[in-house]
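Novice: 3D, please:
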Amino acid sequence: MLFNKSRAVDWMRQCGLEALITTTPASITYFSDYQCWLDPLLKEYMVTPGGASTPVQRALVVFPLEGAPSLIVSSLFAANAIPLWIKDIHVFGEAEFDNSLEPVLLDPAWSRLYELLHAPARHSSAMDALISVLHARRLTGARIGIEMEGLLPAEKEKITHGLPRAIVKDCTNLIRLIRAVKSPEEIDRLTRSAEINEEAARGSLALARPGWRIGELADRFRAIAAASGADFDHFAVGIRGLGMAMHHDHVLSDDETFYVDFGCVYRHYYSDSGFTLAMGRPRPALQDRYSALRECVSAGSAEIRPGVRASVIPTVMKRVLGSRGVTACFAHGHGLGLELRDYPILVPDNGLHIRDDCIDIPSDLMLEENMVVNLETPLFLAGAGSLHIEKSFVVTAKGSRPLVVQDREHFFHPA
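Specialist: Numbers count the residues shown, from 1 in each chain. The predicted structure follows:
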């Protein structure tokens, strides 16, 4: 189980909610472990020409304050739900199965799925199935939080008409806030993702030689990550200090020092890290600035502990850099999880609020135990080179610890 159930329940009680309904791919995975590669990709116009660019609704999760949760899923993809811990599964839509042959089903789980898909009662849409589930749970007059971000206007209207007695509230940001504190299973996956990421980066960049293309290193990164069960996310470099690029046809020379930022996804959880690749001996001015970045990250990580506002960390980092004469570095941080950037976002206080119908709190969040955050310090010296340090930390009861070993004491030199 991925999700932090006790945290979800606590927030629901604070907000007076009797059920949460998730609609976006990341939150559906979070609350159920269900995942389908098409969910974040398939948009309405791809199946209905002339339609909107909003993702097609393929699944929903109903998490009630009392009772077992329900997963609502398209008939064609219900097989994805077989191994999940959620057992109350409802399907919608016709999958157009060919039933001309006698089924041979020995496994009880697959027999149950067959019966579910061939039941006479069939919901035509996810919204129809949702309203049916809420009727069965006697929640049609309840206070319900719905993640509105993943819904089309017509789907929102269908919920309003189908649940005239319910008090329906947008809980999009509430769910993001729930996801900010990681469960033990999430921390395990984030740890493995970061380990693979580090191994793939070091294994690929150790091969860097003058005359090699960046693309050859990126391909090696992909191969190492894939061999360990992770999917590629990104491999970006800072060529000649002129910002971030994915120009994999760039040919390395023996005098380059540059930013490398890399990431992969292990069992739906993102890693994101970076260091500085030096093809030769960096000039003293670059070495001095790199020392400032190390000091900056060290000072920032020393401030990570429960109860500290997110803005404190970049403020301390910026102060350290300023004392070393570095003024053009966006030193900041962010959470990691089912998305590349989860809350909290560690930037100076912008005065905004995280709000929806359920919560209204300052965007400058307080850190909490078991948040997982990155600190990063990209520095682009236009035309001269680029430097980078990015490391991941787990917030502990009294401070923080590294998520994994990420040695950034020195420039990374090829083997």
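Novice: the helices in the stretch 51-200 of the chain, which residues?
Specialist: Ranges of helices in the stretch 51-200 of the chain, per DSSP state H, counting those that start in this stretch, are 108-117, 126-136, 153-162, 172-179, 184-205.
Novice: what residue is smack in the middle of the protein?
Specialist: Geometric centre of the chain, nearest residue: Glu339, 1.3 Å, by C-alpha atoms, centre = their mean.
Novice: correct me, but that one touches Tyr269?
Specialist: No - in this structure, Glu339 is not within contact of Tyr269 by C-beta atoms under 8 Å, at 9.6 Å. Using the backbone N, CA and C atoms, a C-beta is placed for each residue, glycine as well.
Novice: Local confidence estimate at Met12?
Specialist: pLDDT recorded at Met12 is 97.
Novice: Please report how far Ala109 lies from Ala78.
Specialist: Counting by C-beta to C-beta, to the nearest Å, the gap from Ala109 to Ala78 is 11 Å.
Novice: Between the two, which is the more surrounded one?
Specialist: Ala78 (22 against 13; other C-beta atoms under 10 Å).
Novice: Nearest residue to the more buried one in space, ignoring adjacent ones along the chain?
Specialist: Val91 (5.0 Å; C-beta to C-beta, 6 or more residues apart in numbering).
Novice: do you know how far the one you found is from Gly280?
Specialist: Using C-beta to C-beta, Val91 is found at 60 Å from Gly280.
Novice: Trp11 too?
Specialist: 53 Å.
Novice: thinking again about what came up before, now the residue nearest to the centre of the chain: phi and psi?
Specialist: phi -120, psi 160 (degrees, to the nearest 10).
Novice: who's in contact with it?
Specialist: Residues near Glu339 by C-beta atoms under 8 Å, 6 or more residues apart in numbering: Ala26, Tyr270.
Novice: now the helices: where do they sit in the stretch 251-400 of the chain?
Specialist: Counting by DSSP H, counting those that start in this stretch, the helices of the stretch 251-400 of the chain are 284-302, 312-323.
Novice: Make a markdown table out of the ones you listed and add mean pLDDT and distance to Ser132.
Specialist: Listed next are the helices of the stretch 251-400 of the chain as a markdown table, based on pLDDT from 0 to 100; distance: least, C-beta to C-beta, whole Å:
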| stretch | mean pLDDT | distance to Ser132 |
| --- | --- | --- |
| helix 284-302 | 97 | 50 |
| helix 312-323 | 98 | 47 |
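Novice: nearest to Ile175, of those helices?
Specialist: Ile175 lies closest to helix 312-323 among these, at 24.3 Å (C-beta to C-beta).
Novice: what's the next secondary structure element after the host helix or strand of Arg13?
Specialist: Per DSSP states H and E: Arg13 is located in helix 5-15. Downstream of helix 5-15, the first helix or strand assigned by DSSP H and E is strand 19-22.
Novice: related to what we said a few turns ago, what does the helix holding Arg13 contact?
Specialist: For helix 5-15, contacts defined as C-beta under 8 Å, 6+ apart pick out 18, 20, 31, 63, 65, 145, 169, 171, 174, 177-178, 181, 358-359.
Novice: What is the neighbour count of the closest residue to Pro55 other than its chain neighbours?
Specialist: Nearest residue to Pro55, sequence neighbours excluded (C-beta to C-beta, 6+ apart): Lys43, at 5.7 Å. Neighbours of Lys43 under the rule other C-beta under 10 Å: 14.
Novice: what about Lys43, distance to Asp128?
Specialist: For Lys43, the distance to Asp128 - C-beta to C-beta - is 21 Å.
Novice: circling back: with mean pLDDT and distance to Gln35 as added columns, please give the helices of the stretch 51-200 of the chain in JSON lines.
Specialist: Below are the helices of the stretch 51-200 of the chain laid out as JSON lines (pLDDT from 0 to 100; distance: least, C-beta to C-beta, whole Å):
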{"stretch": "helix 108-117", "mean pLDDT": "87", "distance to Gln35": "17"}
{"stretch": "helix 126-136", "mean pLDDT": "94", "distance to Gln35": "16"}
{"stretch": "helix 153-162", "mean pLDDT": "90", "distance to Gln35": "21"}
{"stretch": "helix 172-179", "mean pLDDT": "97", "distance to Gln35": "15"}
{"stretch": "helix 184-205", "mean pLDDT": "98", "distance to Gln35": "12"}
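Novice: which of these sits most buried?
Specialist: helix 172-179 (a mean of 24; mean count of other C-beta atoms under 10 Å).
Novice: Ok, which of the helices of the stretch 51-200 of the chain comes nearest Thr276?
Specialist: Between the helices of the stretch 51-200 of the chain, helix 184-205 lies closest to Thr276; by C-beta to C-beta that is 10.4 Å.
Novice: What are the buried residues along the helix or strand that that closest one is followed by?
Specialist: Of the helices and strands lying after helix 184-205 in sequence (DSSP H and E), the nearest is helix 214-227. When burial is assessed from 16 or more other C-beta atoms under 10 Å, helix 214-227 yields the following buried residues: Ile214, Glu216, Leu217, Ala218, Arg220, Phe221, Arg222, Ile224, Ala225.
Novice: got a list of contacts for the helix or strand just after helix 214-227?
Specialist: Using DSSP H and E, the helix or strand that directly follows helix 214-227 along the chain is strand 230-237. Strand 230-237 is touched from outside by 193, 196-197, 200, 214, 217-218, 221-222, 225-226, 244-248, 250, 258-266, 270-272, 277, 340, with contacts defined as C-beta under 8 Å, 6+ apart.
Novice: Go again with 7 Å.
Specialist: Residues from elsewhere that reach strand 230-237, judged by C-beta atoms under 7 Å, 6 or more residues apart in numbering: 193, 196, 214, 218, 221-222, 225, 244-246, 258-266, 270.
Novice: next one: stretch 238-245
Specialist: For stretch 238-245, the surrounding residues in contact (C-beta under 7 Å, 6+ apart) are 236-237, 247, 250, 258-259, 261, 380-386, 388.
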